[in-house]
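*Asks:* pasting the structure only:
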């Protein structure tokens, strides 16, 4: 794999459209996943309606991924509110130098995926569990505490 560049190009219309679809409650698309390509370029590695399980199937331990999943917070009155979870996954088999270089792109990705509710920086699939995400969302819920989250 080629060395990563100093900055990332997130101007691709396919990325923008996929992110807009995730943000739009009227679409079924509830996750997006970007990753570094063979030459350090950013690629859309997946998007879809399959929720957290579907997204996690795309993750490999030798790669770095950045994405967002839309989760529905459901309260006792039947209200559904979208919550967005930003995920930065650095697999355990990613070389240390590559992971360090990718960390310099953190702010670029965070700006691109604006409007998320929580961030998860993970090195294992266990850290991206429904239980962990639920606990993080509940900890920042404020006065309105949903009874459940739909992934």
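*Replies:* Happy to help now that I have it. Bear in mind that the values here come from a model prediction, so they are computed numbers and not experimental data.
*Asks:* who are the packing partners of the helix or strand bottoming out on mean pLDDT in the chain?
*Replies:* Among the helices and strands of the chain, strand 148-150 carries the lowest confidence by mean pLDDT, DSSP states H and E, at a mean of 85. Of the remaining helices and strands, those touching strand 148-150 by 3 or more C-beta pairs under 8 Å, 6 or more residues apart in numbering; DSSP states H and E are strand 64-74, helix 130-139. All C-beta spots, glycine's among them, are computed from the backbone N, C-alpha and C.
*Asks:* what residue ranges in this protein score low on pLDDT?
*Replies:* Applying pLDDT under 70 to the predicted model, the residue ranges of the chain that meet it are 1-3, 142-144.
*Asks:* what lines up beside the least confident helix or strand of the chain in the sheet?
*Replies:* In the sheet containing strand 148-150, its partner strands are strand 64-74 (antiparallel), by DSSP bridges.
*Asks:* ok, for residue 124, nearest residue in space, not its chain neighbours?
*Replies:* The shortest distance from residue 124 to any residue that is not its chain neighbour, by C-beta to C-beta, 6 or more residues apart in numbering, is 6.8 Å, and that residue is residue 92.
*Asks:* same question, residue 75
*Replies:* The spatial neighbour of residue 75 that comes closest, neighbours along the chain excluded (C-beta to C-beta, 6+ apart), is residue 146 at 5.0 Å.
*Asks:* what about the helices in this protein?
*Replies:* Listed from the start of the chain, the chain has helices (DSSP state H) covering 13-23, 51-57, 96-103, 106-112, 130-139.
*Asks:* and of those helices, who's closest to residue 35?
*Replies:* Checking these against residue 35 by C-beta to C-beta gives helix 96-103 as the closest, at 10.1 Å.
*Asks:* what packs against that closest one?
*Replies:* Secondary elements touching helix 96-103 (3+ C-beta pairs under 8 Å, 6+ apart): strand 64-74.
*Asks:* output the helices and strands packed on strand 148-150 in TSV, with mean neighbour count and distance to residue 52 appended to each entry.
*Replies:* Compiled in TSV, the helices and strands packed on strand 148-150 are given as follows (neighbours: other C-beta atoms under 10 Å; distance: least, C-beta to C-beta, whole Å):
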stretch	mean neighbour count	distance to residue 52
strand 64-74	22	6
helix 130-139	14	6
